[in-house]
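Undergrad: just a sequence and a predicted model for now, questions to come.
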Amino acid sequence: MSRPIKKDKIIKQYDLEMGKVFFYENYLIIEVAEGVCFDYEKAEVLSLLTNLHFGDRSFGYVSHRVNSYSLEAIDYMKIQDVFPNMKAFAAVTYNELQKTSIRIENMFHQDGIVSFDNIEEAIKWVTEKLENDSSK
């Protein structure tokens, strides 16, 4: 990652062909590798790890878009089924192309992806959303 998150302790890190995945207590941060096409099959692989770490608990997902890669936006309709316990989806973007991509992805992702300019704000939002959802 561009800089370590001091607030929370990494529970486990995976260096996969699709990219790096960092698991924290209640959320994950994924940095998809340069040039990868993130699709349903990759989401299924990631879901095995989320099931391992979170079980049936709610969790947050932070897409830290430090690399250039493509997404199969149409797969979002199927991907949501792969992560039924995902209660917060944040994306950290660093340029206008990435921001435009989020707007397009939101057309296919029913619960919405919230975009942030830095990782700290994304984590803060995900943490607060999970806390608010658990208090209901």
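TA: It's in.
Undergrad: quick check: G60 is in a helix.
TA: No. G60 sits outside any helix when classified using DSSP: H, G, I helix; E, B strand; the rest coil, being strand.
Undergrad: next, count neighbours for it.
TA: Burial of G60 is recorded as 24 neighbouring residues (other C-beta atoms under 10 Å). C-betas here are computed from N, CA, C, even on glycine.
Undergrad: you'd agree it is up against F23?
TA: No. Contact between G60 and F23 fails when scored by C-beta atoms under 8 Å: they sit 11.2 Å apart.
Undergrad: report the buried residues of the least confident helix or strand in the chain by mean pLDDT.
TA: Averaged element by element with mean pLDDT, DSSP states H and E, the chain has its least confident helix or strand at helix 76-82 (a mean of 78). Of the residues in helix 76-82, Y76, I79, Q80, V82 count as buried by neighbour count, 16 or more other C-beta atoms under 10 Å.
Undergrad: how about the nearest residue to the last one, chain neighbours excluded?
TA: Residue nearest to V82 in three dimensions, not counting chain neighbours: S47, with 4.4 Å by C-beta to C-beta, 6 or more residues apart in numbering.
Undergrad: so how far is K78 from H64?
TA: According to C-beta to C-beta, to the nearest Å, H64 stands 23 Å off from K78.
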